[in-house]
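Novice: Here is a sequence with its predicted model. Questions after.
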Amino acid sequence: MKVMIVDDEVIIRNGLSTVIKWEELGFRLLPPAASAEEALARFPEEQPNIVLTDIRMTGMDGLALSAEMKRLLPDTEIIILTGYDSFSYAQQALRDGVNDYLLKTSRPEEIIMAAMKAKQRLLERWASRRQESMGRSAFRDSLLERLLTEERPSAAAESVSELLPGLRPDAGAYQVMIAAASGWGSAPADRSLAQFAVANMTQELIPCETLLRKDHVLIVLSRPNDGCRTEQVEAELTRISRKLKCRLFAAAGSCVASLQGLRQSHAEAAFAFAFRWIAGEEALIPYDRVAGRKGGRAFCTQEGEARLIAMLKTGSVIELRRWVDEAIGAQLADPEVTPDSLQAYIHSVVLSGQRWVERMMQALGEDASADEQLRHEPPDRDGRPQEALFGRLQSVMELYREFLSGERVSYIKRAVAYIQTNLDKSLTLQQVAKHVHLNPSHFSEVFKRETGWTYIDFVTRERIARAKAMLEQSPAKISEIAGSVGYEDVKYFSQLFKKLTGQTPSEYRQKPDGSPPSS
């Protein structure tokens, strides 16, 4: 909160600057101004929030200064500090927008009180505007959502011109597009930021309104009467992609004549967007380009299954990657392929591999029912089909290798032994999985199945069990015990210990039998 003092008397300027400890009160004191003209010259750049000014000064007086400042920045709080106890001056000051009127003979605490009241008024106005802005933004998003999803949003359309100015009433047509940016990183925050950047640039370059989603942007375009040509939109998308240094894919519904048709265009855009990983290098897929597809082959043939089994027997991840790339490549080359037929094909391939492993397990006298989870794992419709199939077939390959070599339980025992030996160190799931030469995702699933605990819960319980034993048997400091079981933060260790045992480490040391400490 910035404060400026304006007075042509140096003793007043210096006195107000030094007697009151502005910084301690939460204000930032700007250099005082010796005249109204100086204050006005600095005003646009420094933009003080609160101005304390004299009325009668050489040149422009304080009332004229107040009126001009209020004209430039109406939010500015003006406090008149004068030696003239005149009712007419006070009346004029109030007419000019002055917020408070004090005499120079006022005590410092009275000036402080006036400044604090001015600060409170500003903060309340700012908070009110933020709330109003948030409410307006939420209402705007809700309105656009209704236009896209409701069958007859006639009532909502009445507010469109005010809240959605990008949807021009004189537009020849409207069209919904769904766009997704990639290439800024795989973390959720990176993906979200990329979508925000796309939405921002799109609204700058194209007449439209946007609605952010977690991993994509809904774009509602105001189109001219150009037969729904896509060249200009594609050019702008390419420009956005180049500027943001990301890969941008978009799917477009058909053009509709009125806002009431947006629901249909949105549904068509969503249908086309599902072809994202089928599109290859295409940056924009219109609905009419994929609407008539009948679907590709949705099952693994007998010949394909034979090749799959031969590949799984090799145990080679390199061979697995090559086989997956060829299989998915053949599917994507089919001009009739759809997301549904591709997912059905992936499920069929995985199921073929799973059934083959089950037959091998039964031949070895093992219970195959333990791996039902793999068979019924839901397909990943949002990820790349190559990665979805590779990950699931890798789990099948590893499952076969485990049973063939009798390692199913032994590697879990080795993992537990490694954990218990290294409780004082960082123990990530990836680190332990690497130690037993397994894929982390598969290791996590089997570890829980064999031990009954998730990896994190198991390690935590082992660490707390070790700490309890040390508290009972060793005089070591709590901080030393925390470090010896892998916790550098003693406070976090104590909170976790109490959560699991009901006692702090100190309380447990006093009564290690687990009974509550006496009060």
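Specialist: Sure, I can see it.

Novice: got a pLDDT number for the residue lying closest to Gln195 once chain neighbours are set aside?
Specialist: Here the nearest residue to Gln195 in space, its sequence neighbours aside, is Val217; by CB to CB, 6 or more residues apart in numbering that works out to 5.1 Å. Every C-beta, even on glycine, is put in place using the N, C-alpha and C of the backbone. With respect to pLDDT, Val217 has a value of 93.

Novice: correct me, but Ile240 touches Thr202?
Specialist: Yes. In this structure, Ile240 sits in contact with Thr202. The criterion is CB atoms under 8 Å, and the distance is 6.5 Å.

Novice: hmm, back to that, contacting residues for the residue nearest to Gln195?
Specialist: Each residue near Val217 by CB atoms under 8 Å, 6 or more residues apart in numbering is listed here: Ile178, Ala179, Ala180, Ala181, Gln195, Val198, Ala199, Thr202, Thr210, Leu211.

Novice: try 6 Å this time
Specialist: Contact partners of Val217, counting by CB atoms under 6 Å, 6 or more residues apart in numbering, are Ala179, Gln195, Val198, Ala199, Thr210.

Novice: likewise Ile219?
Specialist: With contacts defined as CB under 6 Å, 6+ apart, Ile219 is in contact with Met177, Ala179, Thr202, Cys208, Thr210.

Novice: Pull the most distant pair out of the residues you listed.
Specialist: Across these, the longest distance by CB to CB is 10.7 Å; it joins Ala179 and Cys208.

Novice: before we move on, what SS does the residue nearest the centre of the chain have?
Specialist: Most central in the chain under CA atoms, centre = their mean is Ala189, positioned 4.3 Å from the mean C-alpha point. For Ala189, the assignment made with DSSP: H, G, I helix; E, B strand; the rest coil gives helix.

Novice: Repeat that for Phe275.
Specialist: Secondary structure of Phe275, per three-state DSSP, is coil.

Novice: Is it in contact with Ala291, as I believe?
Specialist: No. The criterion here is CB atoms under 6 Å, and Phe275 misses it with Ala291 at 10.6 Å.

Novice: Now Gln175: phi and psi?
Specialist: Listed backbone geometry of Gln175 is phi -150, psi 140, with angles given as degrees, to the nearest 10.

Novice: In contact with it, which residues?
Specialist: When the contact criterion is CB under 6 Å, 6+ apart, the partners of Gln175 are Leu221, Arg223, Cys255, Ser265.

Novice: Show me the residues you listed that map onto helices.
Specialist: When helices are assigned by DSSP state H, the members of the contacts of Gln175 inside them are Ser265.

Novice: quick one: least confident of the contacts of Gln175?
Specialist: Arg223 (84).

Novice: give the contact list for that residue.
Specialist: Gly172, Ala173, Gln175, Cys255.

Novice: Return the member of those nearest to Gln431.
Specialist: Nearest to Gln431 out of the contacts of Arg223 is Gln175 (CB to CB; 50.4 Å).

Novice: how much space is there between that closest one and Tyr287?
Specialist: Here Gln175 is placed at a distance of 10 Å from Tyr287 (CB to CB, to the nearest Å).

Novice: Just checking, which helix or strand of the protein averages the lowest pLDDT?
Specialist: Scoring the helices and strands of the chain by mean pLDDT, DSSP states H and E places helix 372-375 at the bottom, with a mean of 50.

Novice: Dump the contacts of Val217 into a markdown table; add secondary structure, pLDDT and distance to Pro44 as well.
Specialist: Written out in a markdown table, the entries for the contacts of Val217 read as follows (DSSP: H, G, I helix; E, B strand; the rest coil; pLDDT from 0 to 100; distance: CB to CB, whole Å):
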| residue | secondary structure | pLDDT | distance to Pro44 |
| --- | --- | --- | --- |
| Ala179 | strand | 93 | 39 |
| Gln195 | helix | 89 | 36 |
| Val198 | helix | 89 | 34 |
| Ala199 | helix | 89 | 32 |
| Thr210 | strand | 92 | 33 |
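
Novice: follow-up on the earlier one: can you check the contacts of Ile219 and name whichever has the most neighbours?
Specialist: Sorting those by how many neighbours each has (other CB atoms under 10 Å) puts Met177 first, at 27 neighbours.

Novice: How far off centre is the host helix or strand of that one?
Specialist: Element membership for Met177 (DSSP states H and E) is strand 173-182. On the basis of CA atoms, centre = their mean, to the nearest Å, the separation between the geometric centre of strand 173-182 and that of its chain is 20 Å.

Novice: for stretch 195-206, same thing?
Specialist: Relative to the chain's own centre, stretch 195-206 is displaced by 17 Å; criterion: CA atoms, centre = their mean.

Novice: Quick check: buried residues in it?
Specialist: Buried residues in stretch 195-206, defined by neighbour count with 16 or more other CB atoms under 10 Å: Gln195, Ala197, Val198, Ala199, Met201, Thr202, Leu205, Ile206.

Novice: Show me which of those is closest to Leu30.
Specialist: Leu30 lies nearest to Ala197 out of the buried residues of stretch 195-206, by CB to CB, at 35.8 Å.

Novice: Who are the contact partners of the closest one?
Specialist: Listed by CB under 6 Å, 6+ apart, the contact set of Ala197 reads Leu244.

Novice: element containing it?
Specialist: Mapping Ala197 onto the secondary structure by DSSP H and E places it in helix 188-205.

Novice: Specify the angle between that helix and strand 173-182 in degrees.
Specialist: Regarding helix 188-205 and strand 173-182, their directions subtend 150 degrees when assessed with axes from the mean of the first three to the mean of the last three CA atoms, to 10 degrees.

Novice: what do Phe275 and Ala291 both touch?
Specialist: Taking CB under 6 Å, 6+ apart as the contact criterion, Phe275 and Ala291 have no common neighbours.
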